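Q: Structure here, sequence nowhere to be found:
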């Protein structure tokens with residue numbers, strides 16, 4: 001069976017200006033256009049909080065202590081006073097790295113370094129020693145756990161690691177995420193898989209999630225450069241998360257209040273026409289902030305080709321982003337976020353396709369609007385209500401040759417949603433959060449197909465589908481610190497889904513952590529019941545062509561057990577194991593090798609594995625930092641297709657639904673590593689990364705060959721002034737020119753190959 005996957009569709013929009021008249025030249029006609037969408041949207045943007053209690057060594061309360069929260073990179077200093085019970089609370093914190101300091105008369109001051117992830121509720125207990133604070137004694141410990149109940153399967157993006165990557169490597173989230181997350185497996189059609197899950201990534205932009213699958217093949221999506229901070233969850237999901245559960249990318253975008261009237265322009269060029277240009281600028285007044293970003297990219301290898309040498313594989317994309325922030329009072333915040341993106345690219349050919357003159361072409365467009373209102377109802381409660389919209393479209397243009405399979409299609413999807421979250425901080429040990437989400441989907445699909453002389457393909461047909469449906473979700477969760485050692489995030493979620501089928505699910509979430517030694521050793525356990533609605537990409541066409549019924553939502557049980565250890569207050573080591581059982585298992589099947597993907601469902605699925613990650617935050621004195629990720633896992637699917645499109649007839653075998661097969665992304669061993677050195681005076685950095693994969697299944701053979709790839713990135717500041725800086729970056733990707741076969745979906749589709757050696761250089765001017 002042909003196995004394939006679709007990830008994020010984008011919408012055709014006349015407001016998005018494209019440079020199509022000169023298909024091999026991007027820079028001749030870049031137009032920095034911003035979409036003028038006026039749709040109200042209120043989202044969870046600054047739900048990050050920092051709370052805790054100030055005590056002495058005997059756990060006696062220290063009321064009136066002054067607590068400061070400092071972020072040097074944002075030039076931000078917040079201050080509060082501990083209450084009578086010793087508790088303190090900072091609301092609406094921007095994600096990032098902070099130093100928190102507590103001081104009180106007759107006590108020595110104490111500080112910790114903490115990292116605040118998107119939508120994290122960080123709890124820090126500050127124990128002060130008796131003594132005079134005139135001669136300040138500061139104890140700094142690295143990486144206090146950011147959120148104990150999430151960190152079992154949480155990776156927070158290191159901004160320095162991301163900035164070290166070449167622009168072409170960070171043009172889309174899937175490629176970027178694959179460099180930092182344990183167990184990320186590169187598969188067919190540039191897709192990334194996590195933990196045996198075909199539909200891997202679910203992107204939350206400022207708290208709002210969309211059911212569309214994010215991927216450059218179908219939409220450029222949110223530009224990684226506009227993200228202030230993001231983390232990736234692959235397990236231990238609190239009840240507030242829904243829709244997709246391979247990996248949740250929880251991103252918070254940049255704000256003009258953080259940019260402080262500064263911007264940058266970046267030019268990047270490399271072999272294989274891998275050219276990029278982007279510009280950004282942000283600033284603010286006392287109450288109003290603004291941030292703008294635009295970027296264009298092009299490449300001769302936009303999509304992985306079906307042979308080592310690319311044929312008919314040129315593509316280019318344009319993305320624009322704007323965010324406006326307004327703070328009329330100290331307790332009210334409004335934000336409007338606008339994203340407009342698109343890509344035009346050729347469908348890669350085999351040698352035979354090229355000889356036949358096949359020239360299939362695809363266009364993708366996307367518009368997203370989010371307007372945010374946040375209200376601090378009191379010093380202990382926060383209300384965030386969200387309205388959002390997304391328009392996505394994907395157009396397949398037919399080939400002009402007389403031999404190849406003739407296929408063309410247009411898909412337009414509209415998503416409208418309302419989300420409201422209420423958070424109540426009962427005390428320093430108890431945070432309650434509840435929310436409601438209503439989502440409306442309008443699907444429009446048209447598709448024409450003609451197999452021509454290919455007798456083994458479906459007969460010619462024309463399809464026109466129209467459908468409207470939606471999803472209702474409600475959740476409740478309570479983060480409780482039973483003791484200083486035991487923390488739990490307990491909750492439940494209810495989903496009612498209806499498009500081509502109607503189903504509901506009650507999903508309990510239990511996430512526990514036990515601290516064996518404060519700020520050193522933590523043990524994690526979680527059980528999550530998950531409900532994943534059917535993909536909306538080509539859902540109507542898949543239902544029309546189905547032999548056994550429409551695709552249905554997947555329900556899963558996910559168990560995890562892990563331990564986190566901080567060595568010498570610096571080296572962070574995590575070991576995690578997981579077991580996932582799926583009632584039904586998603587698969588995306590390619591129709592007739594034209595890169596048109598239709599959702600289908602297997603009888604069930606199973607995945608299990610062991611993940612290890614080691615992080616060494618930068619040693620300031622040496623300028624060194626490093627990371628290492630390794631995953632051993634297996635992923636299986638069972639039985640025949642029981643829903644959606646399949647190119648195989650249902651089996652009459654009595655035990656067909658229990659037959660086990662390795663998933664196409666079942667790579668047993670996966671590893672990534674990186675080492676960075678920074679010389680603080682000159683600004684010179686050198687970063688070397690390593691990627692290893694043991695190979696994915698190959699129909700008719702055990703496995704594709706293993707691969708090992710080395711990348712080298714260097715950068716230096718040419719000059720640096722108070723408000724401006726000019727930087728140069730030189731990159732070599734796939735240093736040894738190891739071109740390897742990534743994946744083969746089935747016996748009916750060709751192999752797909754990785755990228756060769758890339759050379760690129762980048763010039764960035766910051767002002």
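A: Structure's in. What do you need? Here the structure is a predicted model, which is why all the values come from computation and not from measurement.

Q: Phi, psi for residue 545 please.
A: Main-chain torsions, residue 545, degrees, to the nearest 10: phi -90, psi 0.

Q: Sorry, wrong one. I was asking about residue 544.
A: phi -60, psi -40.

Q: who's in contact with it?
A: Taking CB atoms under 8 Å, 6 or more residues apart in numbering as the criterion, residue 544 is in contact with 463, 465. Where you see a C-beta, it was placed from the backbone N, CA and C, and this is true even at glycine.

Q: at 10 Å instead, please
A: Applying CB atoms under 10 Å, 6 or more residues apart in numbering, one finds that residue 544 lies in contact with 445, 447, 461, 463, 464, 465, 500, 538, 550, 598, 645.

Q: before we move on, what about residue 249?
A: 118, 157, 173-174, 176-177, 181, 200-205, 209, 214, 222, 224, 227, 230-233.

Q: of the residues you listed, buried ones?
A: Buried by 16 or more other CB atoms under 10 Å: 118, 157, 173-174, 176-177, 181, 200-205, 209, 214, 222, 224, 227, 230-233, out of the contacts of residue 249.

Q: Mind checking which of the residues you listed are in strands?
A: 201, 202, 203, 204, 205, 209, 227, 230, 231, 232, 233 (DSSP state E).

Q: which residues touch the first one?
A: Listed by CB under 10 Å, 6+ apart, the contact set of residue 201 reads 7-8, 173-174, 177, 184, 191-194, 213-215, 221, 232, 244, 246-249.

Q: now do the second one
A: Contacts were defined as CB under 10 Å, 6+ apart; by that measure residue 202 touches 209-214, 233, 241-250, 532.

Q: residue ranges for the helices of this structure, please.
A: 159-164, 173-178, 256-259, 351-356, 539-545 (DSSP state H).

Q: if we can go back for a sec, any quick ChimeraX command for the buried ones out of the contacts of residue 544?
A: In ChimeraX, this line selects whichever of the contacts of residue 544 come out buried by 16+ other CB under 10 Å:
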select :445,447,465,500,538,550,598,645
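
Q: Please tabulate the contacts of residue 544 in CSV, including the columns pLDDT and distance to residue 565.
A: Putting those into CSV (pLDDT from 0 to 100; distance: CB to CB, whole Å) gives the following:
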residue, pLDDT, distance to residue 565
445, 95, 51
447, 95, 53
461, 92, 58
463, 95, 55
464, 95, 58
465, 95, 53
500, 93, 47
538, 91, 45
550, 91, 47
598, 87, 45
645, 85, 47
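
Q: Now for the contacts of residue 544: which two are most distant?
A: For those, the maximum inter-member distance is 18.4 Å, found between 461 and 500 (CB to CB).

Q: Need the pLDDT of the closest residue to residue 230 other than its chain neighbours.
A: Nearest residue to residue 230, sequence neighbours excluded (CB to CB, 6 or more residues apart in numbering): residue 251, at 3.9 Å. Looking at residue 251, its pLDDT is 83.

Q: partners of residue 251 in the sheet?
A: residue 205, residue 230 (DSSP bridges).

Q: next one: residue 585
A: Beta-bridge pairing of residue 585 under DSSP bridges involves residue 602.

Q: Quick check: the gap between it and residue 609.
A: 16 Å (CB to CB, to the nearest Å).

Q: Neighbour count for these two, which is higher?
A: Neighbour count, other CB atoms under 10 Å: between residue 585 and residue 609, residue 585 has more, with 28 against 20.

Q: Just confirm that one contacts residue 639, I think it does.
A: Yes - with contact defined as CB atoms under 10 Å, residue 585 and residue 639 form a contacting pair (9.0 Å).

Q: which neighbours do those two share?
A: Listed contacts common to residue 585 and residue 639 are 602, 603, 604, 605; contacts here mean CB under 10 Å, 6+ apart.

Q: I'd like those as CSV, with pLDDT, distance to residue 694 and neighbour count appended.
A: Output for the shared contacts of residue 585 and residue 639, formatted as CSV (pLDDT from 0 to 100; distance: CB to CB, whole Å; neighbours: other CB atoms under 10 Å):
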residue, pLDDT, distance to residue 694, neighbour count
602, 89, 23, 26
603, 90, 27, 19
604, 90, 25, 20
605, 92, 20, 25
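
Q: which one of those residues is nearest residue 368?
A: The closest of those to residue 368 turns out to be residue 605 (CB to CB; 30.6 Å).

Q: quick one, what contacts that closest one?
A: 196-198, 554, 556, 580-587, 635-639, 663 are the contacts of residue 605 under CB under 10 Å, 6+ apart.

Q: again, 7 Å this time
A: The contact partners of residue 605, taken as CB atoms under 7 Å, 6 or more residues apart in numbering, are 196, 582, 585, 636, 637, 638.

Q: Tell me the bridge partners for the fourth one.
A: When you say that, I think you mean residue 636. In beta-bridge terms (that is, DSSP bridges), residue 636 pairs with residue 606, residue 662.
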